[in-house]
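Q: What shape does this take:
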Amino acid sequence: MTDAKLKHQSLIFGSLFFLLLIILAILNRSVNMPMQTDWHKNINSELRVIMSEFKNDNLYIGFEINLSDNTYTYWSNPGDSGIEPDIKISTNNAINYEVQWPLPEMIKDQYGTNYGYYGNIIIPIKISLADTKEKIDLSLSYNLGVCNSVCIPIDGKIKMPMLDSQDYYRKKSNRGIQDALENIPFYRDDGTNVINSARLLQSNNGEIINLRFSKPIRKIYPMTSKNFFLSDIEDIKESYTSYNFLLTRKMKTEKVSSENFSVVILNDKEFFIEDFIID
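A: Here you go, the predicted structure:
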């Protein structure tokens, strides 16, 4: 074999070996890519971001909050005395994102009615990604209230290392995120309403919204409203055929007649969002 042929073969083998090293490096990077961040400790809590779930070309991540015993944090509508949560996503190639809030618990005490979570909770976040092959730089910032003997605001920022290949995450799934998505209230698709009427009444305490239902319900949670605040003034019962909320106008000039209010309703077998306007 001539020196030229030997040199040519050596170049080929060298190139193949270099290519193999690149492939192994990529595979090793994928294998070692974490599907969650480390826990970030805060007051009476620890928090992290978990990956991932793809549905209909949307990436879902989970903001996991693990709370100390007898500690709770707040739903999107924190209630009478709670701290409204603020969760933001920063990423280089997202079209938009939506924080999706699981069904909360009702928390009644001497300060009124609040809505929140105890123990461990995963809050799914739906991210619509741009059609690009760029690396996804993702970080989550939060500002929450946590309550034990006192309520304390906490904040922080969590960065999530991600690959530049969306295909990698499409092959992954997370049971925790899947379970949390099953606990997100949505509108019913059967076209029926449980709220029969919604009336504005006057009382010594102020303006009352009275809701009447077509069948008994177990619980009802008011969702956030831009112009009004609904305060729960009902006693705890097993079921309700009507329900009263104290109405507070965020601006005194706001008209109630054209406002669209949204609530989460719980029946024995389901929960869902329903809208109403004042009759």
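
Q: Tell me where the stretch 51-200 of the chain has strands.
A: 58-67, 72-79, 86-91, 94-99, 105-109, 112-118, 120-129, 138-147, 151-160, 195-203 (DSSP state E, counting those that start in this stretch).

Q: Check which helices and strands the second one sits against.
A: Yep, that's strand 72-79 we're talking about. Strand 72-79 sits against strand 105-109, strand 112-118, strand 138-147, strand 219-222, with contacts defined as 3 or more CB pairs under 8 Å, 6 or more residues apart in numbering; DSSP states H and E. Every residue, glycine included, has its C-beta placed from N, CA and C.

Q: follow-up on the earlier one: can I get the strands of the stretch 51-200 of the chain in a markdown table including mean pLDDT and distance to residue 37?
A: Shown next, in a markdown table, are the strands of the stretch 51-200 of the chain (pLDDT from 0 to 100; distance: least, CB to CB, whole Å):
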| stretch | mean pLDDT | distance to residue 37 |
| --- | --- | --- |
| strand 58-67 | 93 | 9 |
| strand 72-79 | 97 | 18 |
| strand 86-91 | 90 | 14 |
| strand 94-99 | 87 | 17 |
| strand 105-109 | 92 | 26 |
| strand 112-118 | 96 | 20 |
| strand 120-129 | 92 | 13 |
| strand 138-147 | 94 | 9 |
| strand 151-160 | 94 | 6 |
| strand 195-203 | 94 | 42 |
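
Q: So which of the ones you listed is the most surrounded?
A: strand 72-79 (a mean of 23; mean count of other CB atoms under 10 Å).

Q: neighbouring strands for that one, and are they parallel or not?
A: Strand pairing for strand 72-79, using DSSP bridges, gives strand 112-118 (antiparallel), strand 138-147 (antiparallel).

Q: quick one, that strand and strand 86-91 angle?
A: 100 degrees (axes from the mean of the first three to the mean of the last three CA atoms, to 10 degrees).

Q: could you dump strand 72-79 to PDB, C-alpha only?
A: Extracted as PDB, the C-alpha positions of strand 72-79 are listed here (Å, rounded to 0.1, in the frame of the first residue of the first chain):
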ATOM      1  CA  TYR A  72     -50.300  27.200  52.600                       C
ATOM      2  CA  THR A  73     -49.900  29.500  49.600                       C
ATOM      3  CA  TYR A  74     -52.500  31.200  47.500                       C
ATOM      4  CA  TRP A  75     -54.600  30.500  44.400                       C
ATOM      5  CA  SER A  76     -54.800  33.000  41.500                       C
ATOM      6  CA  ASN A  77     -57.600  34.700  43.500                       C
ATOM      7  CA  PRO A  78     -56.100  34.700  47.000                       C
ATOM      8  CA  GLY A  79     -59.400  35.800  48.600                       C
END
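
Q: Throw the helices and strands packed on strand 72-79 into a markdown table and include distance to residue 252, thanks.
A: Putting the helices and strands packed on strand 72-79 into a markdown table (distance: least, CB to CB, whole Å) gives the following:
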| stretch | distance to residue 252 |
| --- | --- |
| strand 105-109 | 28 |
| strand 112-118 | 22 |
| strand 138-147 | 27 |
| strand 219-222 | 20 |
